[in-house]
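Novice: From the sequence below, what's the structure:
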Amino acid sequence: MPTFRELWDGIAPIGRGANGYLRYALTEPELVLRDWFRNQAARRDMPVTDDGNGNLFAWWGDPWAHDAVLTGSHFDSVPHGGAYDGPLGIVSGFLAVDRLREQGYAPTKPIAIVAFVDEEGGRFGLPCLGSRLLTGAIEPERAAALRDVDGVTFGEALGDLPAGLLPGLDRRISALVELHIEQGRALAVPVGVASAIWPHGRWRFDFTGHGDHAGTTKMSDRRDPMLTYAYTVLAANKEARLAGAHATMARVEVEPNATNAIPSVVRSWLDARAEDNATLSAVVDAVVKRATERAGRDGTELTVTPESQSPEVDFDTSLADRLADLLGGVPILPTSAGHDAGVLSAHVPTAMLFVRNPTGISHSPAEHADEQDCLSGIDALAKVLRDLT
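Specialist: Purely as a prediction, here's the structure:
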């Protein structure tokens, strides 16, 4: 069977550019990775099913039996992202199956390695799209109508209208364990277990003003939405720091986006996260209030549209404790990053394993995990799958 290095080196060039990875959902690099997934499954005599929503499942055992245990993650990346966020969980899933087979283990429940579609939301704007479809958290018709920046809909990219839920989700899946690179720098040991995911969401801010000439328009006559936007970025930073939360406004679109023109529209997205739902709501409300007041002073207008909101997720406590004990008393820690596991946690017992990130950097080309820690993660995942099946 292949080694971790062989599998990892095999996918490393796919979608890699001069500044990180561009593996958007259902674009050529991600489609190549999906073919790689099918090939790896075929080499292991693991039949692959597609739920009609773009989620792939490679089965060790009967694909239609009940009480299956899922593991895996996603292939897609954020713009110019890192190599490990997502693919590490899928590669580790295949290698964990290899370990168990080498040990002569025969599971009493099916094991499925899953590749969720568009977890990052980097192409169609809604994170965890595949897991939301799988669990019924979004209507297939709404998902099919989501568009990327080129106007291509998710339904068009998928080829057909999404088929809806995997039949009998609650009856067929007994647990999900997602392995993921740590997105922070809290682990002092190679592997940890997740306890919770902070509530988080995305809000679109549309600032509108009056486009005009940068050279002839007096400063006192301007209705410049860029000023309102700039103030809002600083306000979001301050409110988040005061509340111990996280707020980011890193994506921005400007019209007409010319050096010598005052913009008429500035559109930006707020990514906000906090330890609990009340704190998150308070931070977002405060940012909106301050931005609205500033718009009034600038002579601009503001429209705020919620695009996605995910409540606080507490993973199955008994399962987390069980896995931490199984792995020798490894740490249990929360995360402020969203995951497909968080979506499924409302439906089936769910857990996450984190592989240590020595730099703490994520969503960046500098994202990294040491090979020995990755091997420890594979060993841990194999033990967990054996225990659950």
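
Novice: Quick one: the strands in the stretch 51-200 of the chain, in order.
Specialist: Per DSSP state E, counting those that start in this stretch, the stretch 51-200 of the chain carries strands over the ranges 56-60, 68-74, 111-116, 173-181, 191-197, 200-208.

Novice: Reformat the ones you listed into TSV and put distance to I262 and mean neighbour count next to each item.
Specialist: All C-beta atoms are positioned from the backbone trio N, CA, C, and that covers glycine. What follows is the strands of the stretch 51-200 of the chain, written out as TSV (distance: least, C-beta to C-beta, whole Å; neighbours: other C-beta atoms under 10 Å):
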stretch	distance to I262	mean neighbour count
strand 56-60	48	23
strand 68-74	41	26
strand 111-116	43	27
strand 173-181	43	24
strand 191-197	41	23
strand 200-208	12	21
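
Novice: can you tell me how far A341 sits from L88?
Specialist: Using C-beta to C-beta, to the nearest Å, A341 is found at 14 Å from L88.

Novice: Same check on A366?
Specialist: 15 Å.

Novice: my guess is R294 meets L234, correct?
Specialist: No - using C-beta atoms under 8 Å, R294 is not in contact with L234; the gap is 9.9 Å.

Novice: more neighbours, these two?
Specialist: Higher neighbour count among R294 and L234: R294, with 20 against 12, using other C-beta atoms under 10 Å.

Novice: Report the helix or strand with the lowest average pLDDT across this structure.
Specialist: helix 169-172 (a mean of 61; mean pLDDT, DSSP states H and E).

Novice: want to throw the strands of the stretch 51-200 of the chain into CSV with distance to G10 and mean pLDDT?
Specialist: Formatted as CSV, these follow (distance: least, C-beta to C-beta, whole Å; pLDDT from 0 to 100):
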stretch, distance to G10, mean pLDDT
strand 56-60, 16, 96
strand 68-74, 17, 97
strand 111-116, 15, 97
strand 173-181, 18, 95
strand 191-197, 24, 93
strand 200-208, 33, 96
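
Novice: For those strands, give me CSV that also has distance to D35.
Specialist: Shown next, in CSV, are these (distance: least, C-beta to C-beta, whole Å):
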stretch, distance to D35
strand 56-60, 10
strand 68-74, 16
strand 111-116, 11
strand 173-181, 22
strand 191-197, 30
strand 200-208, 31
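
Novice: Among those strands, single out whichever gets nearest to T216.
Specialist: For these, the distance to T216 is smallest for strand 200-208, at 21.0 Å, taking C-beta to C-beta.
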